[in-house]
Structures are given as C-alpha cells and as structure tokens.
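what follows is a predicted protein model with its sequence.
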Amino acid sequence: MASKIDPETAKVLFKEGATLLFFDVPEGTEFGIDYNSWTVGPNFRGVKMIPPGIHFVYYSSRSKKGDTGPRTGFFYNFQRREIVVRKWDKYNEDVKTDPVSEDEMERYRSNMENMDRFLGPYPYENYKKWVSMSSYVTADLLNRLQPENKRISSVTEFMSEASDSKSRLAAMQSKMETESDSRDKLPELTTNPETVVHFTKLHEQKYPQGSSPDEITKHSLDSSYVLEQTIISSYQSKEMDLLGEIQFSFICFLIGQVYDAFDQWKKLVHLMCNSKEALGKHKELYMNLISVLHYQIREIPEDFFVDIVSQYNFLTNTLHEFFCNIEDGNPDGALKRRALKFRDHLTEKFKWDFTSEPDDYAPVVVE
C-alpha cells in the first residue's frame, strides 16, 4: 500500500488521523477504502493515517481458485485519532458483529507502536477525489439511509419464514393436500429487513390536489412539484441532502456494486433534471448538482458508457432535458453560465451534442 504524501501532511495525519485495525483477514481477500483497493497480504492488519470524516470500507473474500465473492462494505465517520477495530469471521466470510470490550481496546491503544509496521498508510493522493465524490454525505444522512445492520452488500440477503413445530406441521399437511403444485415445494423467502438500504421514495402525487386538467398536464411535463414535495417531506427541507443521497447512491453502485443504488441514482438525477420551474427557486442546489455530476462522470469507467449509458441513453437523454430546461427556462445567470459550460465540456470530452434534438429525443454524436 504505497502512498505519496508530502512530509508536513504526513506528520499531521500521523498525529491526527484515524486508524482502522482489521484482524484475521485471509490472505488474498480484496480490501478497499474509498477509491483504493488492494489484495490482502500475510502481514496486513489495517490502515493508518485515515483523514477524519466519512469513508467507505469494503471487502470481498476470494476462493482458493481465485474467484472473488460478493462485495460487502460499510460507511464509517472516523474521528480524529480514533482507533476502530474490526475482526474477520472465517465461518461467515464477513466482519464479526461482536463489539470490542474496553479492556481489549486499551490493549490495542497501548500496542499501537508495535502495530504500526503492519498498517498501510491511507493513499492521501486520492483523498481529494474522495472528498469531491462524498462532500454532501453527512452522518445524519447516513443514519437515515443505511440498513439496520450498517452493511452495504452487493447481493440481496434473504431469510426463510420463521417456523415452530405447529407451523411446520400445518405446512406439511398443506403440502400433502396440494402435492401436485410444485410451487409448494419452494421455501418462502423474504428480504432480510436488516439489510435493506432505506432509499428515499419520491413523492407519489405528481400534482397538487384539485389541479385543473391544464395544471395536471403542466406537472406531468415538469417534475418541480414532485421535487419540492420530496425535499419537504423526505429531507425535512434540507435540500443539500438530496445531493448527498445522489452521492451515496453513486458510491454504493460504483464501489459497493449495488445495482438498486444505480436505479436510485437514476431516479434522483432524472427528477432534478426534469424540474424546469425549480431552476429559478433552487439556484444553489442546481449549481452544486452540476459539480456533483461533473465529478461523478469523471469517475465512470469508459465501458460503463458503452454498456449502460450508450445502450439505454439514460444519462445523455436526462442531461439533454436539463440543458433544454436551462435554455428555455428563466434560471439565474450564473447557473445558466455554469450549466452551458458543463454542456460544452461534455460535448468536447465525449462528443455528445446536446444542441440538436434527433427523432428519438437522444443527443447525437458529433462526427
């Protein structure tokens, strides 16, 4: 875990940075923090010099044949000089949930000098990138969005329906009566509620109560009413939390490999880009949205555009709507300048042309 860092910053992080002790992780396991990942070696015991703040830690077990298992991770708000301890559960191939006693923590604190050579330094050269990708994710927002078990898993965890002797007897009798129905042979599986990410649900009512037919048509074309009600009801009017969830969803998808998070990211981005009237009311929100999308698009791998964006044209279609709203609406002058500068940047970098509208409503590629 080599890391280039200037001496002064290294001194500050060595003194003020947090430490993650991660014990018993099998050699060959994939381990990462933020946008950095490594293959665990025999001497790995964790990471030191972690800048205080919110980070995403993740891991994937690896079989003897070299196959990588599903990715699991967790967000953690590291404090100055904090020591966080996690232990590997070999049976479940995951992190143990048992708390560490205060006596044990004290032993770790007193032994940090000997532990230092087994700890890799946080790759500070990538820290600015992480900050730009997570700048609106707050501790309060994490508490609301994260699953109860605080783990972000790339696979859905199911649980069988609870049973006792009476319920099993009743199920057996029912099965005997309907043996011909093969569906009765399948177990009843439900998603483990402790593992569900609490993504925000958009306001369902698309127009105000009592709207006229013309008003219903207007709100069907412009999502500003849904955006406004979602900000009020789901974010308690903290509009920047909406950007925080866009970042949270993007991180969970790109790093945590959670597909549902990609779906949520699309919903929120489309909601904002399709809200023409809101441009005049939420200048700061939209100014910052452009920055968020700018950094996110920079981090998306090239094959992502080929496999997802180019195939379904989600991002190009959505941004086309946004830029049309910017030009047709009445946004603040600074917002309009920033949006059009962003449009020009995308056109230059990806050869997307948002100035013309082809038959299928998708931007064309500049030859």
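Perfect, I can see it now. Residues are numbered from 1 along each chain as shown.

got the contact list for Val25?
Each residue near Val25 by C-beta atoms under 8 Å, 6 or more residues apart in numbering is listed here: Phe31, Val40, Phe44, Tyr59, Trp88. C-betas here are computed from N, CA, C, even on glycine.

try 7 Å
Going by C-beta atoms under 7 Å, 6 or more residues apart in numbering, Val25 touches Phe31, Val40, Phe44, Trp88.

output the residues you listed as a markdown table; include the columns distance to Tyr286 and neighbour count.
Listed next are the contacts of Val25 as a markdown table, based on distance: C-beta to C-beta, whole Å; neighbours: other C-beta atoms under 10 Å:
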| residue | distance to Tyr286 | neighbour count |
| --- | --- | --- |
| Phe31 | 38 | 20 |
| Val40 | 43 | 18 |
| Phe44 | 44 | 20 |
| Trp88 | 44 | 19 |
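
can you flag which of these belong to helices?
Assigned to helices by DSSP state H, none of these qualify.

list just the nearest of these to Thr316.
Phe31 (35.3 Å; C-beta to C-beta).

domain ranges for this protein?
Structurally, the chain divides into domains by automatic domain parsing as follows: 7-134, 158-191, 200-365.

which one of those lies nearest to Leu142?
Across those, closest to Leu142 is domain 7-134 (C-beta to C-beta), at 5.3 Å.

got the end-to-end distance for the closest one?
Taking C-alpha to C-alpha, to the nearest Å as the measure, domain 7-134 stretches 26 Å from start to finish.

just after the helix or strand of the chain with the lowest mean pLDDT, pick out the following helix or strand.
Ranked by mean pLDDT, DSSP states H and E, the helix or strand of the chain with the weakest confidence is helix 310-312, at a mean of 47. Note on helix 310-312: by DSSP states H and E, the next helix or strand toward the C-terminus is helix 314-328.

show me what that following helix is packed against.
Counting by 3 or more C-beta pairs under 7 Å, 6 or more residues apart in numbering; DSSP states H and E, the packing neighbours recorded for helix 314-328 are helix 259-273, helix 333-350.

make JSON lines out of these and add distance to Glu215 and mean pLDDT.
Formatted as JSON lines, the helices and strands packed on helix 314-328 follow (distance: least, C-beta to C-beta, whole Å; pLDDT from 0 to 100):
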{"stretch": "helix 259-273", "distance to Glu215": "19", "mean pLDDT": "95"}
{"stretch": "helix 333-350", "distance to Glu215": "26", "mean pLDDT": "93"}
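
most tightly packed of the ones you listed?
Of the helices and strands packed on helix 314-328, the one with the most neighbours on average (mean count of other C-beta atoms under 10 Å) is helix 259-273, at a mean of 19.

who's in contact with that helix?
Identification of contacts with helix 259-273 by C-beta under 7 Å, 6+ apart yields 197, 199, 202, 223, 226-227, 242, 245-246, 249-250, 252-253, 289, 314, 318-319, 321-322.

where does it sit relative to the chain's centre, distance-wise?
11 Å (C-alpha atoms, centre = their mean, to the nearest Å).
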